[in-house]
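**Student:** Sequence and predicted structure are below.
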Amino acid sequence: MAELTQEQIEFFDREGYLAIESLTTPEDVAFLRESYDRIFAQQAGRGDGNQFDLAGTDEDGKAASLPQILNPAKYAPEMNDSLLLKNATALIKQLFGPDATCGIGHAILKPARIGSPTPWHQDAAYWGPNYDYNATISIWVPLQDTPVEMGCMQFVPGSHRTQEIWPHRHINNDPRIHGLELLPEELWRGEKAVACPLKAGGATVHGGYALHYTSANRSDSPRRALILGGGLPPTKRAAPRHLPWQAEEQSTFTEKKKQLQKA
């Protein structure tokens with residue numbers, strides 16, 4: 001079972017992120033990679049809006065530079081039997097108590113040589129504006145060794161402390177793209193970034209307000225990452241945040257979700 005030290009917990013509370021050398025075994029990584037590669041090869045979830053290009057306009061027949069699958073365990077239910085999920089759940093309960101929950105939220109692939117950067121952003125910029133997310137975290141897990149040049153996670157220490165959401169826009173200021181990035185005038189916030197290269201099965205942990213980024217993948221190998229999420233339910237705000245980029249979105253992800261809701 002995964003167990004954090006008091007020093008690690010204090011570092012996470014202070015800096016807003018944490019790198020963990022190992023959260024699962026090489027055997028479990030191999031098990032997860034097999035399922036991961038299969039569902040990406042199948043483009044699992046595309047019909048119901050859960051598979052799309054996070055960094056592009058996601059046109060059919062066009063190579064995706066940052067394909068993503070939401071809720072990958074829906075298409076590979078064996079992932080729910082992984083040691084990774086068991087250990088991540090134990091970690092989250094250690095941070096937030098016995099009522100905290102954990103699930104496999106999404107999978108992001110940076111293809112070899114063409115994998116796009118994931119620009120500087122806060123996860124909470126994607127989430128509902130009516131709530132605060134003070135006990136919600138993401139656990140990012142690479143399924144291969146991931147150095148800086150392949151697209152490991154990078155964080156701005158302490159960026160979580162204000163619990164504000166800074167101005168974002170859709171990547172390249174194109175509302176057809178689901179992915180978000182800080183506005184150009186806000187990019188100075190990423191100047192003091194710390195990179196967290198990891199071995200396969202390691203992990204980083206961060207909350208919804210922590211500013212983070214991953215570089216392009218120009219290596220000859222794909223960069224596979226699973227992102228688990230969990231914690232405690234968000235709390236209702238007295239007044240919603242103003243997040244105009246959410247209303248502006250015209251991505252295939254939002255359009256397919258609208259169509260499914262009408263069906």
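**Tutor:** The structure has been received and is ready for your questions.
**Student:** List the buried residues in stretch 45-62.
**Tutor:** Neighbour counts over stretch 45-62 (16 or more other C-beta atoms under 10 Å) mark G45, R46, G49, N50, Q51, F52, D53, L54, A55, G56, T57, D58 as buried. From N, CA and C alone the C-beta is placed, and that goes for glycine too.
**Student:** Which single one of the residues you listed is nearest to T89?
**Tutor:** N50 (22.2 Å; C-beta to C-beta).
**Student:** Give the phi and psi angles for that closest one, as a check.
**Tutor:** The phi/psi pair for N50 (degrees, to the nearest 10) reads phi -100, psi 0.
**Student:** C196 now?
**Tutor:** Torsion angles, degrees, to the nearest 10, at C196: phi -130, psi 70.
**Student:** In strands only, show me the buried residues of stretch 45-62.
**Tutor:** When DSSP state E is applied, these are split such that Q51, F52, D53 fall in strands.
**Student:** still on that earlier bit, closest to P184 out of the buried residues of stretch 45-62?
**Tutor:** Among the buried residues of stretch 45-62, A55 lies closest to P184 (C-beta to C-beta), at 16.7 Å.
**Student:** Provide a list of residues in contact with that closest one.
**Tutor:** S65, L66, S116, P117, T118, I171, I177, G179 (C-beta atoms under 8 Å, 6 or more residues apart in numbering).
**Student:** Give the burial count for the last one, as a bare number.
**Tutor:** Neighbours of G179 under the rule other C-beta atoms under 10 Å: 24.
**Student:** I'd say it and H170 touch.
**Tutor:** Yes - using C-beta atoms under 8 Å, G179 makes contact with H170 at a distance of 6.9 Å.
**Student:** Could you pull up the mean pLDDT of stretch 40-53?
**Tutor:** Stretch 40-53 comes out with an average pLDDT of 95.
**Student:** Using CSV, list the CA coordinates for it.
**Tutor:** Presented in CSV, the C-alpha positions along stretch 40-53 are these (Å, rounded to 0.1, in the frame of the first residue of the first chain):
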residue,chain,number,x,y,z
PHE,A,40,-5.9,4.2,-28.3
ALA,A,41,-5.4,1.9,-31.3
GLN,A,42,-9.2,1.4,-31.3
GLN,A,43,-9.9,5.1,-30.7
ALA,A,44,-12.2,3.9,-28.0
GLY,A,45,-14.8,6.5,-26.9
ARG,A,46,-14.7,8.5,-30.1
GLY,A,47,-18.4,7.9,-30.8
ASP,A,48,-19.5,9.2,-27.4
GLY,A,49,-17.2,12.2,-27.3
ASN,A,50,-14.7,10.7,-24.9
GLN,A,51,-11.8,10.4,-27.4
PHE,A,52,-10.5,13.5,-29.1
ASP,A,53,-7.4,15.6,-29.9
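**Student:** Centre of the chain to that stretch, how far?
**Tutor:** Its chain's average C-alpha position is 16 Å from that of stretch 40-53, according to C-alpha atoms, centre = their mean, to the nearest Å.
**Student:** Need the contact partners of that stretch.
**Tutor:** By C-beta under 8 Å, 6+ apart, the list of residues contacting stretch 40-53 reads 39, 58, 62, 64-72, 74-76, 107, 109, 177-178, 251-253, 256-257, 260.
**Student:** try it again with 7 Å
**Tutor:** 58, 64-71, 75, 109, 178, 252-253, 256-257, 260 (C-beta atoms under 7 Å, 6 or more residues apart in numbering).
**Student:** Make a ChimeraX selection of whichever of those turn out to be buried.
**Tutor:** Buried residues within those, by 16+ other C-beta under 10 Å, are selected in ChimeraX with:
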select :58,64,65,66,67,68,69,70,75,109,178,252,253,256
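**Student:** Inside strands: which ones of the contacts of stretch 40-53?
**Tutor:** Per DSSP E, the contacts of stretch 40-53 map to strands at P67, Q68, I69, L70, L109.
**Student:** residues touching V148, list them.
**Tutor:** Per C-beta under 7 Å, 6+ apart, neighbours of V148: A195, P197, S215.
**Student:** returning to that earlier point: would you mind listing the two of the ones in strands among the contacts of stretch 40-53 that lie farthest apart?
**Tutor:** L70 and L109 (12.9 Å).
**Student:** okay, and the common contacts of these two?
**Tutor:** Joint contacts of L70 and L109 (C-beta under 7 Å, 6+ apart) do not exist.
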